[in-house]
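1. Would you be able to build a 3D model of this:
(one chain, ligands or ions: 1)
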Amino acid sequence: MPSHSSSPKWISSTICGDEKQFVPAPFFRREFWLDRLPSQAALRITALGLYHAKINDHVVGDRALAPGWTDYRVRVPLQSYDVSSLLKPGKNVIGVILGDGWYCGRVGWFDRQRYGEKPELLARLEMEFPDATRVQIATDGSWKTTSGPILENDLLMGEIHDARKELTGWTTPGYDDSAWTPAQEGPDRDVILDTIDYPGVRRTAEIIPTPLDGGRYDMGQNFSGRIRIQVTAPRDTALTFRFAETLDPDGSLYTENLRSARATDTYICKGGGEETWEPLFTFHGFRYVEVDGLPADARLNITGLVLQSDTPPTGEFSCSHPLLNQLQHNITWGQRSNFLEAPTDCPQRDERLGWTGDAQVFIRTAAFNMNVRRFFHKWVQDIRDAQRASGGVPEIIPCPRPWDNEDGGPAWSDATIICPWTVYLCYGDTQILSDHYDSMRRYLEFIGREATIGLIRAHPDSKVYRGFGDWLALDGSGKLEGATPKDLIGTAFYAYDACLMAKIAAVLGKPDEARAYTELHAGIVKAFQRRFVTQDGLIDSGTQTAYTLALHFDLIPENVRAAAARALVQDIRQRDYHIATGFVGTPYILDVLTRAGYLDIAYRLLEQETFPSWLFPVKNGATTIWERWDGWTPERGFQDKGMNSFNHYAYGAVGDWMYRHLAGLELDEDAPGYRHIIFQPKPGGSITWASARLETAQGMAGISWKISGGTLEVELTIPENARGTFVPPAGFPQPSFPAFGPGTHVLRLQSE
Ligand code: BGC
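-> As a prediction, the model looks like this:
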């Protein structure tokens with residue numbers, strides 16, 4: 001029996017690349033003897049980099065890309081697996097392969113080695129025997145290491161696997177490892193080993209592609225993941241797999257928008273029968289695959305494997321408009337593709353970063369489609385880990401070196417407050433508010449101290465970063481940042497932050513602080529009005545986003561709200577019912593129109609099929625949400641290859657409007673987590689029926705409605721522990737009993 005060992009050491013191989021140079025993935029193994037079976041056995045394991053662990057030839061757990069992505073200077077997730085069923089009396093072996101991952105592989109457009117030089121492993125197998133004795137096997141210099149078939153591995157570049165170099169039997173006991181060398185013990189590290197079980201990345205679907213000409217395959221869906229291959233080909237056959245989101249008009253793969261992400265996997269066959277392979281330490285954002293190097297008489301099967309963080313589906317939306325149903329599909333797949341360890345902007349090019357702005361605009365929609373509560377618990381912790389001593393928060397989280405911005409700017413770093421608040425609203429989760437209250441408070445103080453002049457945020461004279469404006473708005477400015485002034489956006493979000501902090505302080509039972517935030521909010525609103533709003537309720541820049549923010553955040557004096565809304569509608573009409581908002585205005589514009597009594601205009605925007613619009617990409621075959629309204633147009637072809645993702649969820653932020661207003665399933669801020677559900681369907685446009693279901697913290701909630709010839713039929717589902725209130729659409733009478741308890745309720749209303 002092994003003896004009780006001390007705490008595990010970080011171990012690594014001596015092989016080390018550099019900022020450009022990739023090196024083979026290190027393999028580690030440790031044999032041990034058990035003369036009886038333990039009653040309990042847990043493998044507690046983490047890595048700086050990625051680990052793939054096996055015990056006696058069985059893979060441990062079903063996570064991919066474990067342990068995940070955090071700021072490894074601060075925190076490393078430590079995972080625990082029950083492995084009792086994998087052990088046996090006699091000789092046993094633990095084997096682990098390490099990948100570069102985010103730790104020392106490429107992140108964003110930066111070179112390798114953002115956090116460290118080479119991957120390291122920390123693990124301990126903890127066993128307890130029936131007589132209560134405990135035994136541990138921990139990583140230390142007695143583990144042995146070598147390199148094997150994985151010649152290169154990188155999240156962005158891909159993986160190269162030379163099957164001829166496979167170490168057959170290396171995770172079975174008794175394998176001859178005499179040529180392996182002792183692992184190198186590293187120093188202890190001053191990082192938090194976080195044992196919270198955050199959602200892991202898992203394979204959530206398999207896709208069988210359609211073969212096309214020229215060695216190409218179409219998965220039929222843009223997604224994040226990788227492929228598994230089964231191949232029968234002669235030894236030494238080198239197969240190269242390239243990945244792309246879309247095709248050029250000539251049918252070849254369009255890869256220019258991947259920038260420096262090589263997104264190429266290579267497999268070199270060992271020969272002698274069917275070989276099965278799936279890369280371990282990479283993923284791609286793709287719909288199409290092209291294989292090169294396949295001999296004519298070889299056999300190849302390809303399966304697409306969808307990877308995403310474990311965020312179980314919770315919502316379903318459908319309606320009578322097929323293109324809107326496809327839009328909903330695209331939103332969901334944008335989410336599946338980009339909720340992978342962090343809410344990333346896109347999964348394909350050399351970026352894939354946790355842009356705070358994108359996450360903030362989309363979180364409400366995300367919380368309909370999937371259960372993202374624990375996913376955001378993790379990411380909000382990442383925000384905290386990145387928060388600077390000053391209280392400032394950078395624009396990408398986790399924040400890889402050398403990124404060091406103090407302030408991510410308006411609508412981006414405000415995710416610090418908006419995301420925890422949204423998790424609270426959607427799940428009734430006060431924990432996230434109390435855990436991060438101090439961080440939110442420090443953030444808001446930082447904004448007030450460093451990023452504002454007077455109460456105007458992002459004033460041109462302010463020292464700190466002024467953000468990305470209304471990113472990618474097609475508002476005629478010709479600028480990526482759109483025409484909405486940055487100080488207007490900044491001040492609007494400063495007001496919103498203060499308003500949310502007042503609510504958060506109240507929820508947490510801090511009335512004095514709530515009062516102080518309310519006062520701060522009132523001051524910012526006044527400053528906003530003085531600077532940006534005329535006495536007639538007009539805003540100088542006149543953009544759709546300017547009016548949308550001002551109206552949505554209640555920054556326009558009540559007596560001129562109607563005038564401001566009219567000005568917004570006038571702009572929409574002038575553009576022949578097209579949207580001109582960027583990332584910042586898009587999530588709210590339909591809400592604002594709805595609230596101001598312009599439901600008809602909201603529907604015209606939603607059902608618009610020519611660009612800029614949500615349905616333009618849908619009409620053009622999109623299976624996910626595009627980064628840009630004009631990512632591809634028949635006249636111009638592809639947008640600038642330097643920034644043109646076809647899988648960016650941000651504009652999918654319209655999704656929550658479809659659930660909340662079109663279908664009519666809304667929460668009540670005073671009874672968060674859907675303890676009180678407000679059913680307020682808003683038929684309009686060409687829609688004749690709609691249905692939304694949501695697995696809430698209380699259980700399944702749902703509404704479906706159908707309208708024909710002045711009759712509205714509605715079915716409501718209210719879960720246990722919840723109640724519902726029905727608010728009829730305009731033109732229909734209020735039912736005599738609008739309040740409902742748990743169960744299913746059917747209503748039939750005749751228009752007045
Ligand atoms: C990303 C965006 C992000 C933006 C900041 C882009 O490169 O893809 O989604 O929010 O930069 O402006």
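
2. ok, for Asn644, nearest residue in space, not its chain neighbours?
-> Distances taken as C-beta to C-beta, 6 or more residues apart in numbering place Asn257 nearest to Asn644, at 4.6 Å, with adjacent residues excluded. C-betas here are computed from N, CA, C, even on glycine.

3. Just to be sure, the one you found is in a strand?
-> No: read with DSSP: H, G, I helix; E, B strand; the rest coil, Asn257 is helix and lies in no strand.

4. Could you report the neighbour count for it?
-> A count of nearby residues for Asn257, using other C-beta atoms under 10 Å, gives 23.

5. My guess is it contacts Asn647. True?
-> No: counting by C-beta atoms under 8 Å, Asn257 sits too far from Asn647 to count as a contact (10.3 Å).

6. which residues are common contacts for the two?
-> Jointly contacting Asn257 and Asn647 under the rule C-beta atoms under 8 Å, 6 or more residues apart in numbering are 245, 348.

7. Val584 sits in which helix or strand?
-> Counting by DSSP states H and E, no helix or strand carries Val584.

8. helix or strand right after the longest strand belonging to the chain?
-> Under DSSP state E, the strand in the chain containing the largest number of residues is strand 216-232. As assigned by DSSP H and E, the chain's next helix or strand after strand 216-232 is strand 238-244.

9. Surely Val569 is within a helix?
-> Yes: per three-state DSSP, Val569 lies within a helix segment.

10. Need the phi and psi values for the nearest residue to Ile207 once chain neighbours are set aside.
-> Distances taken as C-beta to C-beta, 6+ apart put Gly304 closest to Ile207, at 3.5 Å, once the chain neighbours are dropped. Dihedral angles of Gly304 (phi, psi; degrees, to the nearest 10) stand at phi -80, psi 140.

11. in terms of contact, does Gly304 touch Arg203 like I think?
-> No: judged on C-beta under 8 Å, Gly304 makes no contact with Arg203 at a distance of 10.1 Å.

12. before we move on, back to that, now the longest strand of the chain: how far from the chain's centre is it?
-> Centroid separation between strand 216-232 and its chain, computed with C-alpha atoms, centre = their mean, to the nearest Å, is 21 Å.

13. swap in stretch 689-698?
-> 22 Å.

14. residues in contact with the closest residue to the ligand within the stretch 151-300 of the chain?
-> The stretch 151-300 of the chain approaches the ligand most closely through Arg259 (10.2 Å), counting by C-beta to the nearest ligand atom. Residues in contact with Arg259 (C-beta under 8 Å, 6+ apart) are 109, 349-351, 641-642.

15. How about Gln734?
-> Gln734 touches 727-728, counting by C-beta under 8 Å, 6+ apart.

16. again, only this time at 7 Å
-> Applying C-beta atoms under 7 Å, 6 or more residues apart in numbering, we find Gln734 in contact with Pro728.

17. same question, Tyr72
-> Counting by C-beta under 7 Å, 6+ apart, Tyr72 has contacts 48, 103, 115-116, 191.

18. what does Arg202 give?
-> With C-beta under 7 Å, 6+ apart, Arg202 has these contacts: 62-64, 310.

19. Next: Asp350.
-> Asp350 neighbours (C-beta under 7 Å, 6+ apart): 106, 108-109, 156, 259-261.

20. what's the closest of the residues you listed to Phe583?
-> Each of the contacts of Asp350 was checked against Phe583 using C-beta to C-beta; the closest is Gly108, at 18.4 Å.

21. if we can go back for a sec, farthest pair in the contacts of Asp350?
-> Among these, Arg106 and Arg259 lie farthest apart (C-beta to C-beta), at 11.3 Å.

22. if we can go back for a sec, just the buried members of the contacts of Arg202?
-> 63-64, 310 (16 or more other C-beta atoms under 10 Å).

23. so can I have a markdown table of those showing distance to Phe679, pLDDT and secondary structure?
-> Formatted as a markdown table, the buried ones among the contacts of Arg202 follow (distance: C-beta to C-beta, whole Å; pLDDT from 0 to 100; DSSP: H, G, I helix; E, B strand; the rest coil):
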| residue | distance to Phe679 | pLDDT | secondary structure |
| --- | --- | --- | --- |
| Arg63 | 39 | 98 | coil |
| Ala64 | 39 | 98 | strand |
| Asp310 | 30 | 98 | coil |
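
24. Would you format those as a markdown table with distance to Tyr517 included?
-> Output for those, formatted as a markdown table (distance: C-beta to C-beta, whole Å):
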| residue | distance to Tyr517 |
| --- | --- |
| Arg63 | 40 |
| Ala64 | 42 |
| Asp310 | 35 |
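
25. of the residues you listed, list those near the ligand.
-> Among the buried ones among the contacts of Arg202, none lies close to the ligand by the criterion of C-beta under 6 Å from any ligand atom.

26. Tell me the one among those nearest to Pro634.
-> Nearest member of the buried ones among the contacts of Arg202 to Pro634, counting by C-beta to C-beta, is Ala64, at 38.3 Å.

27. doesn't Gln308 make contact with the closest one?
-> No: using C-beta atoms under 7 Å as the test, Ala64 is too far from Gln308 to be in contact (9.6 Å).

28. any residues in contact with both of the two?
-> When contacts are counted by C-beta under 7 Å, 6+ apart, Ala64 and Gln308 are jointly contacted by Val201.

29. Quick one: name the residues of the protein near the ligand.
-> Proximity of the chain to the ligand, by C-beta under 6 Å from any ligand atom, involves residues 345-346, 351, 355, 357-358, 468, 471, 643, 648.

30. could you redo those residues as CSV and give each row pLDDT, neighbour count and distance to Gly174?
-> Below are the residues of the chain next to the ligand laid out as CSV (pLDDT from 0 to 100; neighbours: other C-beta atoms under 10 Å; distance: C-beta to C-beta, whole Å):
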residue, pLDDT, neighbour count, distance to Gly174
Asp345, 97, 23, 48
Cys346, 97, 27, 47
Glu351, 95, 21, 46
Trp355, 97, 27, 50
Gly357, 98, 25, 55
Asp358, 98, 28, 51
Phe468, 94, 23, 58
Trp471, 95, 22, 58
Met643, 93, 17, 54
His648, 97, 30, 51
